[in-house]
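Q: Give me a model of this one.
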Amino acid sequence: MTRVLVIGGGVAGTTTALALHKAGFDVCVYEAHPDSAEDIGAFLTLASNGMRALAQIDASAAVTAAGFPLTSIRVLDGTGTEVAQRPLGEADSPVLRYRCLRRGELNAALQTEAAHRGIDIRHGASLASVQDGPDRVTAHFTDGSTATGDLLIGADGLNSTVRRTISPATQPCYAGEYVFYGYTTDMSLVEEADDERLTMVRGSAAAFGYAVSSGGQTYWFARVAGERLAADAITRGTPGRWRDLLLPLLRDDATAAAGIVAATTDDILVTNATEIATGAPWRSGRMLLVGDAAHAASPATGQGASMAMEDAVILAKALRDMPGTDAALSVYETLRRPRVGHNTTVSGNISRGAHTPSRTGQAPAARPGDEELARLLEWNSPIGTSHGTSQPGAAVLGGGS
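A: Predicted structure coming up:
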């Protein structure tokens, strides 16, 4: 196998292309959006596991040039009382520290790095259908063009066209809450010591979180349980409407949350938290899903982008190390399903209020599979029976956030 078609040029697709290119494959990315700035409004955090994956494909510097680091987390209750504080992830390592940045910035950084390495990214290429054959797979685009390769990777997100080809019955479902994202530059609302710290507020009617960038901008989000917002309501929504909807849910708490939202004028957006049921098919013939297209989870654990980056490295290594495409994809699926499935379950439980994180303030126990994950991501460590893949279906990883 030499030629790989990657459908989707977001976080999952571009990271997958970088990993495949490093593994020696000829790869081309096809992105429907006309430029790299899709979804520039929302922000995300890259956790230490995602940063570790980037380091293995020499892409850390490209990402750390954008956004800002987060090295600690504190948790407040609705009265403003601190109930927990601890280092965030692997804060002692400059390479593995959490990173907070806008999704559009991350996409642009990854795509710039891909272009620098000679990876072809074709913008404005919207997938219409896929024709899978015994020896090759062909992508048909809405402009009438086609592309043929040995393997097609569906990294085209929550509403994946590739997933509809592989498993038409698999549909994203609402995870029980909707999420607001916003930004403000009013520094009078937060403490100066908030620099590089993520503050989480367990409010009486909403979960709220914020962090302050090195440039003095407060990035914030709020998760609100309730009926899903209609698509047309989201489309017609304005920052003023979202602010008016959210503020009454925050004002009863003695925290900075209400003031931060009140000071946010233009930069507010909202989205429904959505997930894909665990166990949904990921592959068929010469097609495979990665990232949100395969295992979208609610944003409660903040692991979506990091899980996609893990996918990218482990897939590239499996294709590099295993004897044949089918064996590689089988090993990849064996290694990834337990971990991403656990994350989907944990994140969904938090969104639906079925799980409350520890309030003790103690650092949590290591996630199941963390040590094995580090070995799997290590680029020069071959994937094979040493990772437990000699037993079909072995639950090598079980993780989450």
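Q: Surely residue 237 touches residue 272?
A: No: using C-beta atoms under 8 Å, residue 237 is not in contact with residue 272, being 11.9 Å away. For every residue, glycine as well, the C-beta is placed using N, CA and C.
Q: Have a look at these two and say which one is more surrounded.
A: The residue with more neighbours, out of residue 237 and residue 272, is residue 272; 18 against 15, by other C-beta atoms under 10 Å.
Q: On the three-state scheme, that one is what?
A: Here residue 272 is recorded as strand under DSSP: H, G, I helix; E, B strand; the rest coil.
Q: Correct me if wrong: it contacts residue 230.
A: No: applying C-beta under 8 Å, one finds residue 272 not in contact with residue 230, separated by 9.4 Å.
Q: Assign a three-state SS to residue 147, would you?
A: Put simply, residue 147 is strand when judged by three-state DSSP.
Q: The closest residue to it other than its chain neighbours: how many residues sit nearby?
A: Once flanking residues are discounted, residue 147 sits nearest to residue 139: 4.8 Å by C-beta to C-beta, 6 or more residues apart in numbering. If you count neighbours by other C-beta under 10 Å, residue 139 ends up with 23.
Q: what's the spacing between residue 139 and residue 127?
A: 6 Å (C-beta to C-beta, to the nearest Å).
Q: what residues are shared contacts of those two?
A: Taking C-beta atoms under 8 Å, 6 or more residues apart in numbering as the criterion, residue 139 and residue 127 both touch 7, 30.
Q: And the helix or strand hosting the residue nearest to residue 147, what does it pack against?
A: Using DSSP states H and E, residue 139 maps to strand 137-141. Other helices and strands packing on strand 137-141, by 3 or more C-beta pairs under 8 Å, 6 or more residues apart in numbering; DSSP states H and E, are strand 3-7, strand 127-132, strand 146-149, strand 151-154.
Q: Reformat those strands as JSON lines; add mean pLDDT, mean neighbour count and distance to residue 77.
A: JSON lines is the format used below for those (pLDDT from 0 to 100; neighbours: other C-beta atoms under 10 Å; distance: least, C-beta to C-beta, whole Å):
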{"stretch": "strand 3-7", "mean pLDDT": "98", "mean neighbour count": "25", "distance to residue 77": "44"}
{"stretch": "strand 127-132", "mean pLDDT": "96", "mean neighbour count": "17", "distance to residue 77": "47"}
{"stretch": "strand 146-149", "mean pLDDT": "98", "mean neighbour count": "16", "distance to residue 77": "53"}
{"stretch": "strand 151-154", "mean pLDDT": "98", "mean neighbour count": "28", "distance to residue 77": "42"}
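Q: now for the ones you listed, which one comes closest to residue 213?
A: Checking these against residue 213 by C-beta to C-beta gives strand 3-7 as the closest, at 30.8 Å.
Q: Dump the C-alpha coordinates for the helix or strand that comes right after the closest one into PDB.
A: Downstream of strand 3-7, the first helix or strand assigned by DSSP H and E is helix 11-22. Extracted in PDB, the C-alpha atoms of helix 11-22 (Å, rounded to 0.1, in the frame of the first residue of the first chain):
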ATOM      1  CA  VAL A  11      -7.500  18.200  13.400                       C
ATOM      2  CA  ALA A  12      -8.000  14.500  12.800                       C
ATOM      3  CA  GLY A  13      -7.400  14.600   9.000                       C
ATOM      4  CA  THR A  14      -4.300  16.800   9.000                       C
ATOM      5  CA  THR A  15      -2.700  15.000  12.000                       C
ATOM      6  CA  THR A  16      -3.300  11.700  10.300                       C
ATOM      7  CA  ALA A  17      -1.700  13.000   7.100                       C
ATOM      8  CA  LEU A  18       1.400  14.100   9.100                       C
ATOM      9  CA  ALA A  19       1.700  10.700  10.800                       C
ATOM     10  CA  LEU A  20       1.200   8.800   7.500                       C
ATOM     11  CA  HIS A  21       3.700  11.000   5.700                       C
ATOM     12  CA  LYS A  22       6.300  10.300   8.500                       C
END
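Q: what's the angle between helix 11-22 and strand 3-7?
A: 170 degrees (axes from the mean of the first three to the mean of the last three C-alpha atoms, to 10 degrees).
Q: what mean pLDDT does helix 11-22 have?
A: In this model, helix 11-22 has a mean pLDDT of 98.
Q: same question, stretch 242-250
A: For stretch 242-250, mean pLDDT is 96.
Q: do stretch 206-220 as well
A: For stretch 206-220, mean pLDDT rounds to 92.
Q: Over to stretch 331-346?
A: For stretch 331-346, the per-residue pLDDT averages 95.
Q: send the alpha carbons of that stretch over as PDB?
A: Taking Å, rounded to 0.1, in the frame of the first residue of the first chain, the C-alpha atoms of stretch 331-346 are listed here in PDB:
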ATOM      1  CA  VAL A 331      -4.900  -4.100  15.100                       C
ATOM      2  CA  TYR A 332      -5.600  -0.400  15.000                       C
ATOM      3  CA  GLU A 333      -9.300  -1.100  15.900                       C
ATOM      4  CA  THR A 334      -8.400  -3.500  18.700                       C
ATOM      5  CA  LEU A 335      -6.000  -0.900  20.200                       C
ATOM      6  CA  ARG A 336      -8.300   2.100  19.900                       C
ATOM      7  CA  ARG A 337     -11.900   0.900  20.600                       C
ATOM      8  CA  PRO A 338     -11.500   0.400  24.400                       C
ATOM      9  CA  ARG A 339      -9.900   3.700  25.100                       C
ATOM     10  CA  VAL A 340     -12.100   5.900  22.900                       C
ATOM     11  CA  GLY A 341     -15.200   4.000  24.000                       C
ATOM     12  CA  HIS A 342     -14.400   4.700  27.600                       C
ATOM     13  CA  ASN A 343     -13.900   8.400  26.900                       C
ATOM     14  CA  THR A 344     -17.300   8.600  25.100                       C
ATOM     15  CA  THR A 345     -19.000   6.900  28.100                       C
ATOM     16  CA  VAL A 346     -17.300   9.000  30.800                       C
END
